[in-house]
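J.: structure for this input, please:
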Amino acid sequence: MDPEVRKALEELQVIQQNTGARMQMADAQKLQTKTELRKVILTAQELETLPTDVTVYSAVGKMFIVSDKETILDDLEKHAKECDATIKKLDDAQKHMQVSLKQSEDNIREMLIQRHKKS
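T.: Prediction:
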């Protein structure tokens with residue numbers, strides 16, 4: 001096998017391994033973020049059922065502070081938006097990784113076709 005082709009195939013293998021690992025990491029982060037988003041939504045739903053005059057507490061580190069229901073709901077809404085943005089960012093990153101991998105494979109394939117035509 002031609003040394004240039006061998007080197008290109010080895011580089012493709014490294015790219016595939018790295019991309020696969022990054023894709024798995026992104027999947028794990030997405031799963032964790034989706035779980036967190038689900039918890040935020042469920043918490044907000046439970047808070048909605050409470051009367052407005054009930055005392056609610058917000059966790060700050062190891063302590064709890066008295067807070068009003070609307071403030072906590074606003075914080076949960078902000079957190080949900082952050083989770084949605086994170087999930088979208090991870091989806092976009094995965095799409096970009098797939099496109100990059102496909103381009104690398106296409107480049108190798110084209111190089112092999114050109115080598116085959118020359119011989």
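
J.: and for residue 61, the neighbour number?
T.: Using other CB atoms under 10 Å as the criterion, residue 61 is surrounded by 6 other residues. C-beta: built from backbone N, CA, C; applies to glycine.

J.: quick check: phi and psi at it.
T.: Here is the backbone geometry of residue 61 (degrees, to the nearest 10): phi 70, psi -120.

J.: repeat for residue 56
T.: Residue 56 adopts backbone torsions of phi -120, psi 150, taken as degrees, to the nearest 10.

J.: dump the residue contacts of it.
T.: Residues near residue 56 by CB atoms under 8 Å, 6 or more residues apart in numbering: 47, 50, 66, 67, 68, 69, 72.

J.: which of these fall within helices?
T.: Counted as lying in helices by DSSP state H, out of these, are 47, 69, 72.

J.: for ChimeraX, write the select line for the buried members of these.
T.: This is the ChimeraX syntax for the buried subset of those, where burial follows 16 or more other CB atoms under 10 Å:
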select :69,72
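
J.: of the ones in helices among the contacts of residue 56, closest to residue 14?
T.: For these, the minimum distance to residue 14 (CB to CB) is 48.1 Å, reached by residue 72.

J.: distance-wise, check that closest one relative to residue 84.
T.: Counting by CB to CB, to the nearest Å, the separation of residue 72 from residue 84 is 19 Å.

J.: got it, and residue 26?
T.: Counting by CB to CB, the gap from residue 26 to residue 84 is 16 Å.

J.: look at these two and report which has more neighbours.
T.: Here residue 26 and residue 84 are set side by side on neighbour count (other CB under 10 Å), and the busier one is residue 26, at 17 against 13.
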